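# Structure for the following, please:
(chains A and B)
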Amino acid sequence: MENKLKREGAVIFSEYNRGDAVKKAISIGREDVLFELKESKLRGRGGAGFPTSTKWMLTAAAKAEKKYVICNADEGEPGTFKDRVLLLEYPELVFDGMVVGGYAIGAKEGIVYLRGEYEYMLKSLQDYLEEMRKDNLLGKDILGKKGFDFDIIIRLGSGAYVCGEETALIESLEGHRGEARNRPPFPVNTGLNGKPTTVNNVETFASVAHIVTKGGSWYCQHGTDKSTGSKLFSVSGDCKKPGVYELPWGTTINELLKIVEADNTKAVQVGGASGLCVPKSQFDRQLGYEDLGTGGSIMVFNESRNMLHVLKNFMEFFVEESCGQCTPCRIGNVKLLEGVEMIEKGEYTFNYINKLKELGETMRISSKCGLGQSSPNPFISILENFKEEIFNNGKGGK
Amino acid sequence: MLVLEKNSLSEEISKLVDLYGKDRSSLLPILQGIEKNHKYISDFAQQEVARLLDIHPVEVYSVVTFYSFLTHKPMGRNVVRLCQTITCDMFGKEAVAKAIERELGIKFGETTKDKSVTLEYANCLGMCDQGPAMLVNDQVYSHLTPEKAIEILEKLK
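Just a heads-up that it's a prediction; the model follows:
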């Protein structure tokens, strides 16, 4: 395997040396770290886009004798592989970001929840942490700052997509089935072992390292008003140059397709299996929280692809990965998949397909966690945007 | 299971428990350790873990059956997991799957008679830019063709 980093942009891949962010954080103090983060308007890079500074401030404000910083490296969304590249090639950004997190919120323990599929990187990451300990970037009195103790351990997942959901991840760390919890209470108050916990994506920590080093206003120079900074996009599918690209927020799908050299593109799935399928007529839409907010999965489909087949693949994925604890998700996904199979065989009625779309809406509002709330997205968006192909010109069957 | 085997498994599990601790949060690392060494977590192993962590065996069973990389039925010495998610599917997963099935003489979900290989599908392995991809134990292989996949499997024998 290789890593295929295709484009290094001006933010995440700007110059950085191990320890920069930690030194800066200690020199400016906790309050200012949180202030810079607020200035940067950074939003969670896993896909949900929750403001990172809010999460950290709440965790910092929570009173407890123990707090945790968790790095969510359970990168399981189909089409996403940016965290793989970050962890293998830029671990200093991710780990320094975690140390800064520990400093800002007052936690002494950091945990990386690494998906089981990435076990092959475990050794190199552990070696890297060992080097950081030697440089006093981890351990006791970090860089001479009295009382600033922080260390990071890595825990492996065991092949469950749902553990990318933060409360399911916490359940898994506690030795339980990866079943999402009711929220509230949120992890910022009641997280791992009932203690205040901040859970952030790998790319979020990497962004934090730069923001703390270079300042929140520097970060805001990139991207758009509401979507500051840049984003890593994992691009796969029908294009000449698949790989990881750092692009400023605000880039349109058309621009992106040009960069990755995609021809004859019919559809772009933005945000992975749980994202939205954007048809050609909407390729002028922007990537960013104003329009298409995303964790960065971009899958390109050209004219030769059968969109019903794509949809079926996604629904099979969700049927397998639903944890099964709540009914809308456990049964809803099975029903949606059955609907796709009916269309495939030509044994459907529009009346029933419309019922299934309503079921999808019900799942969106009644599922317990993000999995079931977003799994109807491809069903609804593909059937809507490609009804011509699927129902009218006979491509649906076969 | 022979008494001697039981004793050695018990000893191994108690070493894992010493390493990771008796806390419930150690359950996954302990189970992952057993899975790695034995390619499955037997009923006896589950009971031992439950006893040492002081939890009900059903708690252990419920965790083992939740995660797809933990198994309670014996697997082969090598576990091959071919990615079945969309981009790997678009770039030739089916041809690779058929070639592997033919070559090993088993279907997905089965183990070879000599117990050398178990064949399974996996969901997205995070190699979407280089599909088709598969995991062989904890190693990942990408840009597979039927020929390349078979070459990799040959080396396992």
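# Can you get me a residue count around B:Lys148?
In terms of burial, B:Lys148 registers 15 neighbours under the definition other Cβ atoms under 10 Å in any protein chain shown. The way it works is simple: take the backbone N, C-alpha and C, and place the C-beta from them, glycine included.
# I meant to write A:Glu361 there.
Around A:Glu361 there are 11 residues (other Cβ under 10 Å).
# give me the element it is part of.
Element membership for A:Glu361 (DSSP states H and E) is helix A:350-366.
# repeat for B:Lys148
With elements taken from DSSP H and E, the one containing B:Lys148 is helix B:146-154.
# Spell out which residues make up each domain of chain B.
The domain map for chain B lists B:3-66, B:78-154, with the assignment taken from automatic domain parsing.
# Residues of chain B that sit close to chain A?
Applying Cβ under 8 Å from any Cβ of the partner chain, one finds that chain B approaches chain A through B:23-29, B:31-32, B:62-63, B:66-70, B:84-87, B:89-90, B:122-131, B:133, B:135, B:138-142.
# returning to that earlier point: tell me which other helices or strands the helix holding B:Lys148 touches.
Applying 3 or more Cβ pairs under 8 Å, 6 or more residues apart in numbering or on different chains; DSSP states H and E, we find helix B:146-154 packed against helix B:93-104, strand B:134-136, strand B:139-141.
# Deepest-packed of the ones you listed, please.
Mean neighbour count, computed with mean count of other Cβ atoms under 10 Å in any protein chain shown, is highest for strand B:134-136 among these, reaching a mean of 23.
# Adjacent strands (with direction) for it?
Taking DSSP bridges as the criterion, strand B:134-136 pairs within the sheet with strand B:78-83 (antiparallel), strand B:139-141 (antiparallel).
# now those in JSON lines, with mean pLDDT?
What follows is the strands paired with strand B:134-136, written out as JSON lines (pLDDT from 0 to 100):
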{"stretch": "strand B:78-83", "mean pLDDT": "97"}
{"stretch": "strand B:139-141", "mean pLDDT": "95"}
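# Adding distance to A:Ser304, write these out as TSV.
As requested, the strands paired with strand B:134-136 are arranged in TSV below (distance: least, Cβ to Cβ, whole Å):
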stretch	distance to A:Ser304
strand B:78-83	21
strand B:139-141	26
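# So for A:Asp149, which of those sits nearest?
Distances from A:Asp149 to each of those were compared using Cβ to Cβ; the minimum, 35.3 Å, belongs to strand B:139-141.
# quick one: contacts of the closest one?
Contacts of strand B:139-141 with the rest of the structure, by Cβ atoms under 8 Å, 6 or more residues apart in numbering or on different chains, involve A:Met1, A:Glu117, A:Tyr120, B:Leu125, B:Met127, B:Ala133, B:Met134, B:Leu135, B:Lys148, B:Ala149, B:Ile152.
# Put together a markdown table for the residues you listed, with distance to A:Thr224 and pLDDT on each row.
What follows is these, written out as a markdown table (distance: Cβ to Cβ, whole Å; pLDDT from 0 to 100):
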| residue | distance to A:Thr224 | pLDDT |
| --- | --- | --- |
| A:Met1 | 34 | 69 |
| A:Glu117 | 33 | 96 |
| A:Tyr120 | 37 | 96 |
| B:Leu125 | 33 | 96 |
| B:Met127 | 31 | 96 |
| B:Ala133 | 34 | 97 |
| B:Met134 | 40 | 97 |
| B:Leu135 | 39 | 97 |
| B:Lys148 | 43 | 97 |
| B:Ala149 | 44 | 97 |
| B:Ile152 | 45 | 96 |
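# Can you say which of these are buried?
Among the contacts of strand B:139-141, those scoring as buried are A:Glu117, B:Leu125, B:Met127, B:Ala133, B:Met134, B:Leu135, B:Ala149, B:Ile152 (criterion: 16 or more other Cβ atoms under 10 Å in any protein chain shown).
# List the contacts of the fourth one.
By Cβ under 8 Å, 6+ apart, the residues touching B:Ala133 are A:Met1, B:Leu82, B:Cys83, B:Cys88, B:Leu125, B:Met127, B:Val140, B:Tyr141, B:Ser142, B:His143, B:Leu144.
# Farthest-apart pair in these, please.
Greatest spatial distance among these (Cβ to Cβ): A:Met1 and B:Leu82, at 14.9 Å.
# give me the low-pLDDT residue ranges for the stretch 51-200 of chain A?
Residues of the stretch 51-200 of chain A that meet the criterion pLDDT under 70 are absent altogether.
# So which bits of it are right by chain B?
Residues of the stretch 51-200 of chain A lying close to chain B (Cβ under 8 Å from any Cβ) are A:75-81, A:83-84, A:115-120, A:155-161, A:172-178, A:193.
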